[in-house]
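J.: Below: sequence and its predicted model.
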Amino acid sequence: MGPIMHTGRMGGPAARGASAPRDPCGLRDPRGLRDPRGLRDPRGLRDPRGLRGDAPLLDAWLKFTEQAHAGSLTLMSVPGHKQRQDLSGAVVAGDVPLYGGLATIKHADALLAQAQRRAAALWGADWCRFSVAGSTHGNQALALAVGAPGDEVVVTRMLHRSLLAGLVLAGLRPVWVRPEVDPRSGMPTAVAVDTVRAALAAHPNARAVFLGDPSYAGAVGDLAGHAAAAHDAGVPLIVDAAWAAHFGFHPDLPLHALAAGADAMVTSAHKALPAHTQAALVLARTGRLDPSRLDRAFEATNTTSPAGTIMASIDAARALLARDGRDLSARLLRVVAAAKDRLRAVPGLGVLDGPWVEPTKLVVLLAGTGAHGHAVEADLIETGMPVEMADRDTVVPIMTLADDEATVSRFTTALIAAVERHRSAPRRPAPSVAWTVTPRPACSPREAFFAPHETVKADAAPGRVSAEIIAPYPPGVPVLAPGEIVTGDLLDGLRAVLAHGGRVAYAADPTLATIQVLRS
């Protein structure tokens, strides 16, 4: 949105006497919203698909921002920028709170509930909440909802660190289950149903099963089988479906987790859908989960000042899926399939594919070309095409409902050119330590989190118990978790990440010269 000229009731012309900032290309107001007569929007970009009639939060956001642009608001509530852009600049454009913005502080919850009911109906849930803190918040809320401190839960080791933090908050003890690694690509497949059944049989007091589906690398599992295994054991299946907000809206896509039988799922609207960063949904069926406990768990880690703009974008994305999800998903499936075909034709280049890979995920396999993923990534960034992830052997771009034939064609052209510039002798793929770690727990994550710790040189750490989370990022899958024994093999794997130009996250010392361990 363009700058607001504050006249009349908005407090007088902004920065009177100062020269206007140069904007020769009109990029401060690219959608033509700044108009002295008020609300002219010649290209209809404020609501390009006419979604506001089915999206109450979006409608409220549009009404508020229309008033702000018309200069008809004199705000005596937060946020502190008061819709002015002559102070901190255009970075605050479009920022509208839920409370006192989309609706009055007294009535905003009723408006939000309308939108959440529509989302629950679309996904077949009977409980839904919008989160402005991403799937991170959803994972932590669901961990708080299922048990009591000391209870066991079966958890995939391919978990995101946010779920691990949820285990710490809730005091749950993880029973880890791991997928197999595909030898051709070095990437993890899905966790097998028999693996989960065995874990539940060995831990009959477990309170829930937590899986990530699809995985960061796009592996999809037999969620219906997992749901049956969990329900046979009398526990709920909870799925981190952060990357799967588009699932279930086209017959060639997998079912979403609830449709496959899961009891709860968290999904990131901002990952696969055209929603604001941090936008996520938490959805549940409450036959095996207590709705009041879900409410308390969600609110325990929720902000009391939610961004209405983020929530309105969730509402808009939901309305878009409900009306156009099948057509947009068809386009996404088509352009990703075309990209895979084109990349497979390049000598040595591969793509992750098969019945266990979700069809809109593009994982590019570089080992056969000899090109290093970080060098390819650097070229793509220089071209203005940053990707989600790159390591030595893979490049992972994210393609969403917003992509079309033109954008994907440009990307594949740039990717192939970068691979050719860095082509070298073919090599065997080396699985990331994030996919191959075998954890050795010594105590629960919560016990380790609160225990006294000390910092030691890394070479002295093997055999000691880690006090911290350490993970290559991306993907953010922990190699070491609080309460697990440090081994030389794990350190070697983490050092290899650094040697290949990767990043090690969450460690107090990201160089891994030292590690924090529990005090002896």
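T.: Nice, thanks for sending it over. Not measured: the values here are computed from a predicted model. Numbers count the residues shown, from 1 in each chain.
J.: contacts, neighbours, all on C-alpha from now
T.: OK.
J.: Correct me if wrong: A434 contacts P472.
T.: Yes: under the criterion of Cα atoms under 8 Å, A434 makes contact with P472 at 7.0 Å.
J.: Overlap of the contact sets of those two?
T.: P478, V479 (Cα atoms under 8 Å, 6 or more residues apart in numbering).
J.: buried ones in whichever strand or helix holds A198?
T.: A198 is located in helix 193-202, with elements delineated by DSSP states H and E. For helix 193-202, a neighbour-count test (16 or more other Cα atoms under 10 Å) marks V193, V196, R197, A199, L200 as buried.
J.: repeat for stretch 69-81
T.: Buried residues in stretch 69-81 (16+ other Cα under 10 Å): H69, A70, G71, S72, L73, L75, P79, H81.
J.: In this protein, spot the helix with the most residues.
T.: For the chain, the helix with the greatest residue count under DSSP state H is helix 308-344.
J.: That one - what's its average pLDDT?
T.: Average pLDDT, helix 308-344: 98.
J.: Run the chain-centre distance for that helix.
T.: 15 Å (Cα atoms, centre = their mean, to the nearest Å).
J.: Need the residues that contact the next helix or strand after that helix.
T.: Beyond helix 308-344 on the C-terminal side, the first helix or strand identified by DSSP H and E is strand 350-351. Residues from elsewhere that reach strand 350-351 (Cα under 8 Å, 6+ apart): K340, L343, R344, L362, V363, V364, L365, L366, G368.
J.: could you redo the last one with a cut-off of 6 Å?
T.: R344, V363, V364, L365 (Cα atoms under 6 Å, 6 or more residues apart in numbering).
J.: And the last one, how far from D341?
T.: Counting by Cα to Cα, to the nearest Å, the separation of L365 from D341 is 13 Å.
J.: With neighbour numbers in mind, choose between the two.
T.: More neighbours surround L365 than the other of L365 and D341, with 26 against 13 (other Cα atoms under 10 Å).
J.: Run through the residues that contact that one.
T.: When contacts are counted by Cα under 6 Å, 6+ apart, L365 touches G350, V351, D393, T394.
J.: hmm, 10 Å instead?
T.: 184-187, 343-344, 348-352, 371, 373, 392-396, 429 (Cα atoms under 10 Å, 6 or more residues apart in numbering).
J.: Buried ones among these?
T.: Among the contacts of L365, those scoring as buried are 185-187, 343, 348-352, 371, 373, 392-396, 429 (criterion: 16+ other Cα under 10 Å).
J.: so which strand or helix has the nearest residue to V486 once chain neighbours are set aside?
T.: Using Cα to Cα, 6 or more residues apart in numbering and skipping the chain neighbours, the partner closest in space to V486 is P462 (4.7 Å). Per DSSP H and E: P462 is located in neither a helix nor a strand.
J.: Let me know how buried P462 is, in neighbour terms.
T.: 16.
J.: likewise V91?
T.: Neighbour tally, V91, other Cα under 10 Å: 9.
J.: Would you confirm that it belongs to a helix?
T.: Yes: per DSSP: H, G, I helix; E, B strand; the rest coil, V91 lies within a helix segment.
J.: what about the spatially closest residue to it that is not a sequence neighbour, is that helix, strand or coil?
T.: Of all residues not flanking V91 in the chain, Q85 sits nearest, at 7.8 Å (Cα to Cα, 6+ apart). With three-state DSSP as the basis, the three-state label of Q85 is coil.
J.: cool, the one 3 residues further on as well?
T.: Secondary structure, three-state DSSP: S88 is coil.
J.: Next, the contact list for the nearest residue to it once chain neighbours are set aside, please.
T.: Spatial nearest neighbour of S88, excluding adjacent residues (Cα to Cα, 6+ apart): H81 at 7.9 Å. Contact analysis of H81 by Cα under 10 Å, 6+ apart lists L75, L87, S88, G89, V92, A93, D95.
J.: Just the buried ones from those?
T.: Using 16+ other Cα under 10 Å, the buried ones in the contacts of H81 are L75, V92, A93, D95.
J.: Rebuild the residues you listed as TSV, extending it with distance to A319 and pLDDT.
T.: Converted to TSV, the buried ones among the contacts of H81 look like this (distance: Cα to Cα, whole Å; pLDDT from 0 to 100):
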residue	distance to A319	pLDDT
L75	30	91
V92	25	93
A93	23	93
D95	21	96
